[in-house]
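K.L.:
prediction below, plus the sequence it came from.
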Amino acid sequence: MTDISQYKVGVITSLEPCGSCKKSSKTLQACKVDVGDEKEITVVTAAPNVRLQSRVVVAPIGSTISKDGEDIQVTKATVGGIISEGMLCDSIMLGWTGGAKGIAVQVPEHFELGAAPPSSKPRMDGGGSKPKEDIGPAAPGLFEKKLTKEEKKKLAEEKRKAKRAAKAAAKEEKDK
């Protein structure tokens, strides 16, 4: 199992297409990622889900990733003609359940830049990290008992009487 404490949470500050992968026809993108250090790092990726301001997990230079059961140290490499200073992690690299190979993981905004990623996949909606808001009372009628036919008839008759009384009052007001 790889030590994910070496990895860092970062935010993508710029994206630039930089060609395509030689092994497959996937489009490569050069990402500038702010990982909380003084200088942003450049990471070249084929992950299709990267967007500006996405909060991602980066394996920086010097960290170790596990590929096919073998530990490999991340080094500076030229990919698509651009020097890459790390890798964007997918859920398999982090040992999370769910997610797919080659899809960069995204974490919620409450994870600080430069912090180690969580040990399990976080919920993007905050999933329990914030107190639940009171949603207020139930909508009127939602849990009320249904009326019987007799009760409905009685209610309808009362409404008709009220309507007649209102008409009579309006007619008296008009006649004055």
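P.N.:
Sure, I can see it.
K.L.:
by residue count, which helix of the protein is the longest?
P.N.:
Ordering each helix of the chain by length in residues (DSSP state H) puts helix 149-175 first.
K.L.:
pLDDT of that one, averaged?
P.N.:
Mean pLDDT, helix 149-175: 90.
K.L.:
quick one: it to chain centroid distance?
P.N.:
55 Å (C-alpha atoms, centre = their mean, to the nearest Å).
K.L.:
from the contact counts, what lies against it?
P.N.:
Counting contacts by 3 or more C-beta pairs under 8 Å, 6 or more residues apart in numbering; DSSP states H and E, there are no secondary-structure elements packed against helix 149-175. Just so you know, the C-beta spots here come from the backbone N, C-alpha and C atoms, and that holds for glycine as well.
K.L.:
state which strand of the protein is the longest.
P.N.:
Counting residues, the longest strand in the chain under DSSP state E turns out to be strand 8-20.
K.L.:
give me the distance from that strand to the chain's centre.
P.N.:
So, by C-alpha atoms, centre = their mean, the centroid of strand 8-20 is 18 Å from its chain's centroid.
K.L.:
for the helix or strand following that strand, C-alpha coordinates in PDB please.
P.N.:
Heading C-terminal from strand 8-20, the first helix or strand you meet, by DSSP states H and E, is strand 27-34. Taking C-alpha atoms only, strand 27-34 is exported to PDB below (Å, rounded to 0.1, in the frame of the first residue of the first chain):
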ATOM      1  CA  THR A  27      -5.500  14.700 -25.400                       C
ATOM      2  CA  LEU A  28      -2.800  15.900 -23.100                       C
ATOM      3  CA  GLN A  29      -3.300  19.000 -21.000                       C
ATOM      4  CA  ALA A  30      -0.600  21.000 -19.200                       C
ATOM      5  CA  CYS A  31      -2.000  22.100 -15.800                       C
ATOM      6  CA  LYS A  32      -0.600  24.700 -13.500                       C
ATOM      7  CA  VAL A  33      -1.400  23.500 -10.000                       C
ATOM      8  CA  ASP A  34      -1.200  25.500  -6.800                       C
END
